[in-house]
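K.L.:
Build the 3D model from these lines:
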Amino acid sequence: MASVPIGDASLARLLDPASIAIVGASDNPDKIGGRPIHYMRRHGYAGTLYPINPQRAEVQGERAWPSLAALPAAPDLAIVAVAGEQALRAVDDCAALGVAAAIVISAGFSETGEAGRALQDAMTARARAAGMRIVGPNSQGLANFGNGAIASFSTMFLEVAPGDGPVAVISQSGGMCAMVYGLLRQRGIGVRHVHATGNEADVSVAELACATLRDPEVGCVLLYLESLREAGPLAEAAALARARGVPLIVVKSGRSEAGARAAASHTGALANEDRAVDAFFEHHGILRARDPQELVRYAELALRSPLPQGPRVVVVSNSGASCVLASDAAAERGLEIAPLADATQQALAERLPGYATTVNPVDITAALLSNNGLFGQVLPVIGADPAADMFLLDIPVAGRGYDVASFAADAAGFAQTASKPVVVVAWQDNVASAFRARGLPVYADEIQAMDALSALLRLRRLRERGRMASPPASQGIVAADPAPDAAGGFLSEAASLALLADNGLAVIEHAVCRTADEAIAAWRRIGAPVALKACSAQLPHKSEHGLVALALNDEASLRTAFAHQAQTLGKLDVRDGAWLVARMQRGLQECALGARVDPVLGPVVMIGSGGKYVEALRDVAVLMPPFDAAQVIEKLRGLRIGTLLQGVRGDPPADVQALAQQAVALGRYALAAGPRLASVDINPVMVGAVGQGAVAVDALVELNAARQPAASEAA
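P.N.:
Have a look, this model is predicted:
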């Protein structure tokens, strides 16, 4: 096999090593230290192998060496297959020898707790000091079937025969890595790279994704992640994938709290908030799958089909029931059963028996049994229809008397000329195999097929969306900071509103007062009714202390409320207290906006239903800036509140454009503020009818302490 150059120099010798040492080499190919040697001899690795075993002169036909120090030259790569303290000594020996990279298969590190983490950190520090890269520990290893460098002990390569191909599988979990590989091979899809990073003390899944994307033979990259420690390398991988037109599809586990805890115990990883992960993937054009099976189904279609132009699907089946099920599955996934043109229906009627259906979905009935050429006659007709973006061929039953090979040949020929996605539903193995042998993606039922088509359409939109991710729209934007030297913490409501206004958000008309007379003057200027709220950075949650009075219409009620709140502030020993007098704002809908800076993923913005039930309803969407108003509006349409914003039961439509602009402004501020921002909570945002705008009524901003310049910077 030809060696494939890898563009990233720091990882080149991991994936394309000229020589490999195996520390703990075994003559038994079923031992962890024996498998890699067996695989590389079997799959044509052309480099030099250095088995390290002081007890043997030869291992699996290769000369063995008593130690790393005894080698005639430093290998490009070392596989460390010894346990505990021996693994640490082996890494030290590798570093002293000048080995470029090591794969530490040994377990017992950060996945076991703090003591194991300390051991892992010490090992990593020593390797980095010597300029050596580490995969693992607790790694199943790396496998490149393009050059035979199978530095892995995975049993799956014995159970399911390898076959080089266009897919790279990279995983933090060795088990999931092997499973995805096996599922791909079962579908006849070739796999070139199969890499498991384990605890990721150094080399990450994202870094290996970047490296494999520089392999020109790779046409699809599949990742399994349990945590994200650094967003930058994954964003870089996404950019490389977009530039090459290569699908990047990811399973990120730990969606639930229980799943996140399980992930932490598995790899010693930290969990990421799932909605922020979704926003990050969407922002960078990464397609997310729910599980390994779905990951492989998406990959099969993405490899074998062009991206669709739109959501309209034409269904052809020899079963009326399958037509109904396919229609239901399409509707549930936001796809459309395309109406066929009159000319198309007339042409179909000339080819089908009178009892067949010529509307979409097209039921060609049991006539397929007596006319094995029916597919070849029908498919070109529907392929010419201008409404068709995708095609589903549904064959629930075929067998004796059916020329399945002819059906598959006709379908494959149609797919080539149509240049549009074509998928097949066939649960019978012999039928599925015939179509798959012709290069067509095949699914067991209508739900799987429509789900894959929906994902392919989503991939197209994500790829377009991902182009906005770089360069960041925040370049040149400077966030207004009311307290550049502040130690951090919550701002008062008045300071929060002022900060948001300075950064382009529309906020409620209000005045900050110190006395009851000032509050009365503000009420007269603003006009009744007003809200009176005690205002202090010490009291971020005022309502809990009875420090909010609403709909005050006269001087007496205002003075009474002021006196009550002043007394409460005194009891709470709040000495920086002020009052905020604000207009009572009406609107069609109460929405909420929020922002926070994820320590790994960066700024994210939340938008959705607001008011006092915001936590209970959780009807919110999350976006990663920069984004535009159109993207916000698209997100709003997917929420339950989206229907209300369009206007129901005689209500006019809400000013979603103004609401979206509020979100865009908040996203720009969050980007510009960066790590200075901890969080923003704006609830409610009162949204009026079209043309009446959207106004932030209540806001709470939390800042992190300003970074003090180092002495060298100050000088």
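
K.L.:
So for Pro709, what's the pLDDT?
P.N.:
For Pro709, the model assigns a pLDDT of 52.

K.L.:
and what of Gly254?
P.N.:
You'll see Gly254 listed with a pLDDT of 74.

K.L.:
Is it in contact with Asp274, as I believe?
P.N.:
Yes: under the criterion of CB atoms under 8 Å, Gly254 makes contact with Asp274 at 7.3 Å. All C-beta spots, glycine's among them, are computed from the backbone N, C-alpha and C.

K.L.:
Between those two, tell me which one has more neighbours.
P.N.:
For Gly254 and Asp274, the more surrounded residue by other CB atoms under 10 Å is Gly254, and the numbers stand at 22 against 17.

K.L.:
and that one, that's in a strand?
P.N.:
No: if the criterion is DSSP: H, G, I helix; E, B strand; the rest coil, then Gly254 is coil and not within a strand.

K.L.:
now it: how far from Gln120?
P.N.:
Separation of Gly254 from Gln120 (CB to CB, to the nearest Å): 20 Å.

K.L.:
just to revisit the earlier point, what's the overlap in contacts for Gly254 and Asp274?
P.N.:
Between them, Gly254 and Asp274 share no contacting residue under CB atoms under 8 Å, 6 or more residues apart in numbering.

K.L.:
As a check, name the ranges of all helices in the stretch 51-200 of the chain.
P.N.:
Counting by DSSP state H, counting those that start in this stretch, the segments of the stretch 51-200 of the chain that form helices are 84-97, 114-129, 156-159, 174-186.

K.L.:
Most tightly packed of those?
P.N.:
Of all the helices of the stretch 51-200 of the chain, helix 174-186 carries the top mean neighbour count, a mean of 22, counting by mean count of other CB atoms under 10 Å.

K.L.:
so which of the helices of the stretch 51-200 of the chain gets nearest Glu207?
P.N.:
Proximity to Glu207 (CB to CB) singles out helix 114-129 among the helices of the stretch 51-200 of the chain, at 14.1 Å.

K.L.:
by how many degrees do that closest one and helix 84-97 diverge?
P.N.:
Angle, helix 114-129 to helix 84-97, by axes from the mean of the first three to the mean of the last three CA atoms, to 10 degrees: 10 degrees.

K.L.:
in this protein, which residue is closest to the centre?
P.N.:
Phe281 (3.4 Å; CA atoms, centre = their mean).

K.L.:
what's in contact with the strand or helix carrying that one?
P.N.:
Phe281 belongs to helix 274-283 when assigned by DSSP states H and E. Contacts with helix 274-283, where a contact means CB under 8 Å, 6+ apart, come from 228, 231, 234, 250, 252, 254-255, 286-288, 462, 465-466, 468-469, 598, 601-602, 604, 606, 620, 622-624, 627.

K.L.:
show me what contacts Leu348?
P.N.:
Leu340, Ala356, Thr358, Val362, Val378, Val381, Ile382.

K.L.:
can we see that at 10 Å?
P.N.:
316, 340, 356-360, 362, 364, 377-378, 381-382, 385 (CB atoms under 10 Å, 6 or more residues apart in numbering).

K.L.:
Next: Val597.
P.N.:
276, 603-604, 670-671, 673-680, 704.

K.L.:
Cross the residues you listed against helices and list the overlap.
P.N.:
Ala276, Ala670, Leu671, Ala673 (DSSP state H).

K.L.:
Look up how far Ala302 lies from the third one.
P.N.:
This points to Leu671. Distance of Leu671 to Ala302, given as CB to CB: 31 Å.

K.L.:
Also Gly504?
P.N.:
Counting by CB to CB, the gap from Gly504 to Ala302 is 39 Å.

K.L.:
got it, and Ala549?
P.N.:
58 Å.

K.L.:
what's the longest helix in this protein?
P.N.:
helix 446-466.

K.L.:
in that one, what's buried?
P.N.:
446-460, 462-463, 465-466 (16 or more other CB atoms under 10 Å).

K.L.:
wait, Leu532 sits on Trp523?
P.N.:
Yes: assessed by CB atoms under 10 Å, Leu532 is found in contact with Trp523 at 8.4 Å.

K.L.:
Neighbour count: the two, which is higher?
P.N.:
More crowded of Leu532 and Trp523, by other CB under 10 Å: Leu532, with 27 against 23.

K.L.:
Now do the same for the nearest residue to Ile52 once chain neighbours are set aside: its pLDDT.
P.N.:
Leaving out its chain neighbours, the residue that sits closest to Ile52 by CB to CB, 6 or more residues apart in numbering is Val23, at 4.6 Å. Val23 is assigned 98 on the pLDDT scale.

K.L.:
how close does Val23 get to Asp698?
P.N.:
Applying CB to CB to Val23 and Asp698 gives a distance of 62 Å.

K.L.:
who has more neighbours, these two?
P.N.:
A count of neighbours by other CB under 10 Å puts Val23 above the other of Val23 and Asp698, at 28 against 24.

K.L.:
list the contacts for that one?
P.N.:
Taking CB under 10 Å, 6+ apart as the test, what Val23 contacts is 33, 50-53, 65, 67-68, 78-82, 86-87, 89-91, 93-94, 102, 104-106.

K.L.:
of those residues, buried ones?
P.N.:
Burial by neighbour count, judged by 16+ other CB under 10 Å, picks out 33, 50-53, 65, 68, 78-82, 87, 90-91, 93-94, 102, 104-106 from the contacts of Val23.

K.L.:
Next step: these restricted to strands.
P.N.:
Among those, the ones falling in strands (DSSP state E) are Tyr50, Pro51, Ile52, Ala78, Ile79, Val80, Ala102, Val104.

K.L.:
Make JSON lines from these and add pLDDT to it.
P.N.:
Putting these into JSON lines (pLDDT from 0 to 100) gives the following:
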{"residue": "Tyr50", "pLDDT": "98"}
{"residue": "Pro51", "pLDDT": "98"}
{"residue": "Ile52", "pLDDT": "98"}
{"residue": "Ala78", "pLDDT": "97"}
{"residue": "Ile79", "pLDDT": "97"}
{"residue": "Val80", "pLDDT": "97"}
{"residue": "Ala102", "pLDDT": "96"}
{"residue": "Val104", "pLDDT": "96"}
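
K.L.:
Of these, which is the nearest to Ala694?
P.N.:
Among those, and counting by CB to CB, the member closest to Ala694 is Val104, at 54.2 Å.

K.L.:
Pull up the gap between the closest one and Gln120, please.
P.N.:
According to CB to CB, Val104 stands 9 Å off from Gln120.

K.L.:
Could you measure from the residue nearest to Gly165 when sequence neighbours are not counted over to Phe153?
P.N.:
Closest residue to Gly165 apart from its sequence neighbours, by CB to CB, 6+ apart: Gly190 at 1.6 Å. For Gly190, the distance to Phe153 equals 22 Å [CB to CB].

K.L.:
neighbour-wise, which of these two wins?
P.N.:
Shown here are Gly190 and Phe153; by other CB under 10 Å, Phe153 has more neighbours (24 against 16).

K.L.:
And the pLDDT for the more buried one?
P.N.:
Reported pLDDT for Phe153: 96.

K.L.:
Can you name the residues that contact the residue lying closest to Ala452 once chain neighbours are set aside?
P.N.:
Residue nearest to Ala452 in three dimensions, not counting chain neighbours: Leu301, with 4.6 Å by CB to CB, 6+ apart. Counting by CB under 10 Å, 6+ apart, Leu301 touches 247, 421-423, 440-443, 449, 451-453, 455-456, 459.

K.L.:
how about 7 Å then?
P.N.:
Contact partners of Leu301, counting by CB atoms under 7 Å, 6 or more residues apart in numbering, are Pro421, Val423, Pro441, Ala452, Leu456.

K.L.:
With pLDDT as added columns, please give the residues you listed in TSV.
P.N.:
Below are the contacts of Leu301 laid out as TSV (pLDDT from 0 to 100):
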residue	pLDDT
Pro421	97
Val423	98
Pro441	97
Ala452	98
Leu456	97
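
K.L.:
Could you pull out the strands in the stretch 401-550 of the chain for me?
P.N.:
Secondary structure of the stretch 401-550 of the chain (DSSP state E, counting those that start in this stretch): strands at 422-425, 442-443, 489-490, 510-513, 530-535, 548-552.
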